[in-house]
Every structure is written in C-alpha cells, then in structure tokens.
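>>> Model the following, please.
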Amino acid sequence: MPSTRYHMPAAAHRVEEEIQHSRFITTLGPAPTVASARACVTAVSAEFANASHNCWAYLVGAPGDTSQIGLSDAGEPHGTAGRPMLNILLHSGLGDIVAVVTRYFGGTLLGTGGLVRAYGGGVQLALQTLPTVERVPRAELTVIIAYATVTSFQRMLQTYEATVLDHEFAVDATYRVQLPQELIGHFTSRLMEITNGEALIEVTRRAD
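Numbers count the residues shown, from 1 in each chain. You can find the predicted model right below:
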C-alpha cells in the first residue's frame, strides 16, 4: 500500500515584507479540512479588516492534490493573487495548507506581473521558515488473541508504530490499538503468523 504520510504546517506562521511601498503580510496555517481553511481566511481577514486586500488560497489533502482547493483575488485584478498563491502551494511538497496574503496599498501600482510576483513571492518567503509536521493517518483496530501469544503481540507493537488504547483480559485477551493506516495489511499478516491464524482482527475506525 502506498504511503499516505505527508508534511503539513505545524502551526500558523507569518512573514511580512514591503514592495514598492505596499505592505504584504503572508499568513500560512494548517488546513486539514475545507472548514478549517475557510476559518483561517475569515480570522485573518477580520484581523486585518482595514487592509486593501486579503487574498487567499488553500489546498486540503495530500501535496499537489487538486480535489479540494480554493482561491480568491479578493478585489485584485483577476488571476494576479489567488492563482499564483495556489500554484506555489501545489508545488510546495506540503498538504493541508492555507495561505492568506494581506496587502496594505502604498500608493504605487505594481502592474499585473508585479502583483503575481508579490503574492506568489510572499507565499514562497513564508514557506522558507514554515515549521512543518508529518501527518500520519491512523486507524483503530480491535484485536482478540489467546493469552499464549500476548508477549509476542506486545513485542510486535513497536515495529508497527502501534499504540494500545485499551485492553481487557477475560477468556481471551482483547486489545484496542491505533496504528498508521498504511500498515494495517502488514500488521494483520504478521499477527496471523504469530497466532497461527487464530487472531480476531476488526478495523473499527479508519482515518478520514
């Protein structure tokens, strides 16, 4: 199974620069859902409500995935802000990311090309110092095994980055574990090996 891991912003991050007397403030943040991306846009727009423009773009999902994207020029000429911002995000190697570039107009017109460079460049500048974290989609499984295999089972947990959420000892040993979704197949195969095919395994929750 291909890896479903990727990097995303660890937290909100902001940089600022001045271009031809206009002040540009770029805010990047994590956006694991469309709702969270739009919430970030709303919050930054409210924070800088007196700005000339609050342009934005977001990418929800894995790096380069275009199934859940959004953008807005927020009053700038069509195609000069949201699109170049989104292009930078799509080629950043990051997923689940939102960008808002706030502009305070300084009196000098930048022209179409200048705006594209300013808005795209703002995102590029912020990406250079953005702290990131690896996103690892995790699933939950319920495992029922005989007591004779408990020690072997516990030894294999670390190999599969699995965490025990709960356990119960009755007629058999029952564990509720969480592990990276991409490792479910290998985990299941190995568990069936060490239990001679006698383990009961149920995936109770998959990652979104």
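
>>> doesn't Gly107 make contact with Ser52?
No. Ser52 sits out of contact with Gly107 when judged by CB atoms under 8 Å, with a separation of 10.6 Å. For glycine as for every other residue, the C-beta is placed from the backbone atoms N, C-alpha and C.

>>> what secondary structure does the closest residue to Leu125 other than its chain neighbours sit in?
Closest residue in space to Leu125, ignoring its immediate chain neighbours: Val15 at 5.3 Å, by CB to CB, 6 or more residues apart in numbering. Three-state assignment for Val15 (DSSP: H, G, I helix; E, B strand; the rest coil): strand.

>>> Can you list the low-confidence ranges for this structure?
Counting by pLDDT under 70, the chain contains low-confidence residues at 1-3, 208.

>>> Skipping its backbone neighbours, what lies nearest the residue most central in space within the chain in space?
For the chain, the residue nearest the mean C-alpha position is Asp96 (3.2 Å; CA atoms, centre = their mean). In space, and not counting its chain neighbours, Asp96 is closest to Met8: 4.0 Å by CB to CB, 6+ apart.

>>> ok, the residue nearest to Val133 when sequence neighbours are not counted - contacts?
Spatial nearest neighbour of Val133, chain neighbours left out: Ala10 (4.0 Å); criterion: CB to CB, 6+ apart. Contacts for Ala10 were tallied using CB atoms under 8 Å, 6 or more residues apart in numbering; they are Pro30, Pro131, Thr132, Val133.
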